[in-house]
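K.L.:
mind folding the following:
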Amino acid sequence: MPILAPVEAGSFVVSCGFLNEDGFFALGDGTVKRVGQRLLDLKVHTGGLLAAELSRDTTSLVTSGDDGCIKKLEADGTVIILAERPRKWIDILACGPGGSVAFASGRTAWVRLQTGTEREFTHERAVGGLAFAPKGQRLAVARYGGATLWWASAGGNPVEFSWKGAHLGASYSPDGKYLVTTMQENALHGWRLSDQQDMRMTGYPAKVKSWSWSVKGRYLATSGANAAILWPFFGKTGPMGQSPLQLGTRSDALVSCVSCHPKKAVVAIGYSDGMIVMCRFEDNAEVLLRQSAKGPVSALGWDPAGLRLAFGSEEGEAGIISLQS
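P.N.:
Purely as a prediction, here's the structure:
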């Protein structure tokens, strides 16, 4: 039976997961809670915390806020300022290989390399999302009208991918063959990078605000419907011509957050009423992890072994669910 250990977050949970063996909860009030042998409250930003992402090697947590700071929280509790942009809200963040970090405000995106060198990329319209390619050489910038691919650490002309509308998030498939964006309308758009073939993924009743790649990148799980929608990305054409899986269907609540298991074909699904379930791809078998509560689930994160799941909500409810009996 799953065992739930509640955590008093007290503020909107922006992100959660595990840093070494400790659970972490990055909160909208600028603090990060660490849950291990003892509970630690670390005030990381003077204002609100707007974005947080684990480093690629999972040894640190990178955060940004409305104080214009990009910071790194080390596993030992040390907080390091990586970059500052005074008077700017930094709400878009991405971590790449080798300690590289990308962040954006307005029409400008920056990449900070591990050496401390920074590169600036300016666009005609506001940046909506950032993503590093799996090997880190390329940075994808979602924007109005499509996406732009830049060389992250070297010169060279960018590659433009066009599709009408506002693109708000970006993600590469783990094998680096596809780029997918979320959109202002209730849809995803994607491109096969080898030939810029467009891929349109529609039918959502709400905006897609959460997504997660399954183990080996075979599926992309998404929120925005009354079930978790999992688009298949195996085969030569990705999701085109294939029907998505629909897991954890409910008639009375929308999926607000998804997180794929790190080792198994399983996804954790959080709903707009606070419920959390775990679903298996092959047969849609469900395990209830948390009953309905106050507010929508805003964050989910597995530990590397897939034995613990951290969760948080918009109303400041949080906890760690252990799957060990």
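K.L.:
all contacts plus neighbour counts: C-alpha atoms, from now on.
P.N.:
Will do.
K.L.:
now for the helix or strand of the chain with the lowest mean pLDDT, which elements pack on it?
P.N.:
Taking mean pLDDT, DSSP states H and E as the measure, the chain has strand 39-43 as its least confident helix or strand, at a mean of 89. Secondary structure elements in contact with strand 39-43, counted by 3 or more Cα pairs under 8 Å, 6 or more residues apart in numbering; DSSP states H and E, are strand 31-35.
K.L.:
residues of the least confident helix or strand of the chain that come out buried?
P.N.:
Buried residues in strand 39-43, counted by 16 or more other Cα atoms under 10 Å: Leu42.
K.L.:
burial count for Ala152?
P.N.:
Around Ala152 there are 26 other residues, counting by other Cα atoms under 10 Å.
K.L.:
outside of stretch 290-303, which residues touch it?
P.N.:
4, 12-18, 21, 256-259, 261-262, 268, 270-277, 308-315 (Cα atoms under 8 Å, 6 or more residues apart in numbering).
K.L.:
check contacts around the closest residue in space to Pro244 that isn't next to it in sequence.
P.N.:
With sequence-adjacent residues excluded and distances taken as Cα to Cα, 6 or more residues apart in numbering, Pro244 is closest to Trp231, at 4.6 Å. Residues near Trp231 by Cα under 8 Å, 6+ apart: Tyr219, Leu220, Ala221, Pro239, Ser243, Pro244, Leu245.
K.L.:
equivalent analysis for Leu49, please.
P.N.:
Contacts of Leu49 by Cα under 8 Å, 6+ apart are Val14, Ala26, Leu27, Gly28, Asp29, Gly30, Thr31, Thr63, Ser64, Gly65, Asp66.
K.L.:
bridge partners for it, pull those for me.
P.N.:
Gly65 (DSSP bridges).
K.L.:
residues touching Ala133, list them.
P.N.:
Residues near Ala133 by Cα under 8 Å, 6+ apart: Gly96, Leu139, Ala140, Tyr172, Gly176.
K.L.:
switch to 6 Å and redo it
P.N.:
By Cα atoms under 6 Å, 6 or more residues apart in numbering, the residues touching Ala133 are Tyr172.
K.L.:
how far away is it from Thr202?
P.N.:
Distance, Ala133 to Thr202, by Cα to Cα, to the nearest Å: 24 Å.
K.L.:
before we move on, back to that, how far off strand 31-35 does the least confident helix or strand of the chain point, in degrees?
P.N.:
With axes from the mean of the first three to the mean of the last three Cα atoms, to 10 degrees applied, the angle from strand 39-43 to strand 31-35 works out at 160 degrees.
K.L.:
show me where the stretch 101-250 of the chain has strands.
P.N.:
Along the stretch 101-250 of the chain, counting by DSSP state E, counting those that start in this stretch, strands occupy 101-105, 108-112, 118-122, 127-132, 138-151, 159-172, 178-183, 188-192, 197-201, 211-213, 219-222, 228-232, 245-247.
K.L.:
now render those as TSV, adding distance to Gly77 and mean pLDDT.
P.N.:
Formatted as TSV, those follow (distance: least, Cα to Cα, whole Å; pLDDT from 0 to 100):
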stretch	distance to Gly77	mean pLDDT
strand 101-105	19	97
strand 108-112	22	96
strand 118-122	25	94
strand 127-132	26	97
strand 138-151	29	96
strand 159-172	29	96
strand 178-183	34	97
strand 188-192	37	96
strand 197-201	41	94
strand 211-213	27	98
strand 219-222	32	98
strand 228-232	35	97
strand 245-247	38	98
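K.L.:
Throw those strands into TSV and include distance to Ala285, thanks.
P.N.:
Putting the strands of the stretch 101-250 of the chain into TSV (distance: least, Cα to Cα, whole Å) gives the following:
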stretch	distance to Ala285
strand 101-105	38
strand 108-112	42
strand 118-122	46
strand 127-132	32
strand 138-151	35
strand 159-172	28
strand 178-183	28
strand 188-192	26
strand 197-201	25
strand 211-213	19
strand 219-222	16
strand 228-232	13
strand 245-247	9
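K.L.:
ok, of the contacts of stretch 290-303, which come out buried?
P.N.:
4, 12-18, 256-259, 261-262, 268, 270-277, 308-315.
K.L.:
quick one: end-to-end distance for stretch 107-119.
P.N.:
Using Cα to Cα, one end of stretch 107-119 lies 14 Å from the other.
K.L.:
list of residues touching that stretch?
P.N.:
With Cα under 6 Å, 6+ apart as the criterion, stretch 107-119 contacts Gly99, Ser100, Val101, Ala102, Phe103, Glu120, Phe121, Thr122, His123, Arg125, Ala126, Val127.
K.L.:
tell me the bridge partners for the last one.
P.N.:
For Val127, the beta-bridge assignment (DSSP bridges) gives partners Arg143.
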